[in-house]
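K.L.:
Need coordinates for the following:
(one chain, ligands or ions: 1)
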Amino acid sequence: MNPSIKMPPQVAWDSGSLSGAPLMQKTTHLGDLNGIFADDEAWRGGDPALAVYRVEMLDTPSGDGELYTGVTHLNPGRVGNEFFMTRGHFHARREQGEVYFGLRGEGLLLLQAENGQTRLERVQPGSIHIIPGLTAHRLINTGHDILSALAVWPSIAGHDYAALSGGFALRVTTDILKLMAKEVQNG
Ligand SMILES: O=P(O)(O)OC[C@H]1O[C@](O)(CO)[C@@H](O)[C@@H]1O
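P.N.:
Predicted coordinates for the structure are as follows:
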């Protein structure tokens, strides 16, 4: 029997577009993000139909041991002085981790432990982010272009948004970013 070679799905490293397999897509608009940004008045003043981020995912099997693969494309923008970001979540199966790879644009990955402790990782083309279990995660676009990141996570992980209904403990605003840049400069 001749061995056969299967063409796997592809990710275009520069745009983050997936191809070569059935895909699923979901766009999250500003109007879907009620209560997510600190400045409620600024959020109400925005266009609810404005796309904030789009997730494209390979339509692959779910179940024990299966992995999902998706790319999040987060647009640049702000609500008040807070940068556009994903809703953010813990996994419903808290012990399950996830890996992110930065593809294009620049931003931050906000990580929050169950005790509320936060940390930030810089997301840029080529960056690798190991998100351990028990850790909430949110992407933040601090740049002027689309921020795209590839993610791989166990299909059984699920999403728990309710645990963060009070918001993450850290908000990334233009002021905070300036402060962090100054700290880096001053060593
Ligand atoms: O579910 P949220 O917080 O809106 O964010 C979408 C994110 O979730 C994932 O689908 C899986 O963690 C990521 O690909 C994406 O960044």
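
K.L.:
Report the central residue of this protein.
P.N.:
In the chain, the C-alpha nearest the mean C-alpha coordinate belongs to L139, at 3.6 Å (C-alpha atoms, centre = their mean).

K.L.:
Just list whatever residues bridge to that one.
P.N.:
Residues found in beta-bridge contact with L139 (criterion: DSSP bridges) are L109.

K.L.:
cool, V99 as well?
P.N.:
For V99, the beta-bridge partners under DSSP bridges are I130, V152.

K.L.:
Name all residues that make contact with it.
P.N.:
Contacts for V99 (C-beta atoms under 8 Å, 6 or more residues apart in numbering) come out as 128-131, 151-153. Where you see a C-beta, it was placed from the backbone N, CA and C, and this is true even at glycine.

K.L.:
Just the buried ones from those?
P.N.:
Neighbour counting over these (16 or more other C-beta atoms under 10 Å) leaves 129, 131, 151, 153 as the buried ones.

K.L.:
In contact with the residue nearest to the centre of the chain, which residues?
P.N.:
With contacts defined as C-beta under 8 Å, 6+ apart, L139 is in contact with 53, 72, 74, 85-86, 100, 107-110, 123, 147, 149.

K.L.:
Mind doing that once more with 7 Å?
P.N.:
Remark: with contacts taken as C-beta atoms under 7 Å, 6 or more residues apart in numbering, L139 is in contact with 72, 74, 85-86, 107, 109, 123, 147, 149.

K.L.:
now swap in E56 and tell me
P.N.:
E56 is in contact with 18, 23, 25, 70-71, counting by C-beta under 7 Å, 6+ apart.

K.L.:
ok, those residues vs L177, which is closest?
P.N.:
V71 (24.2 Å; C-beta to C-beta).
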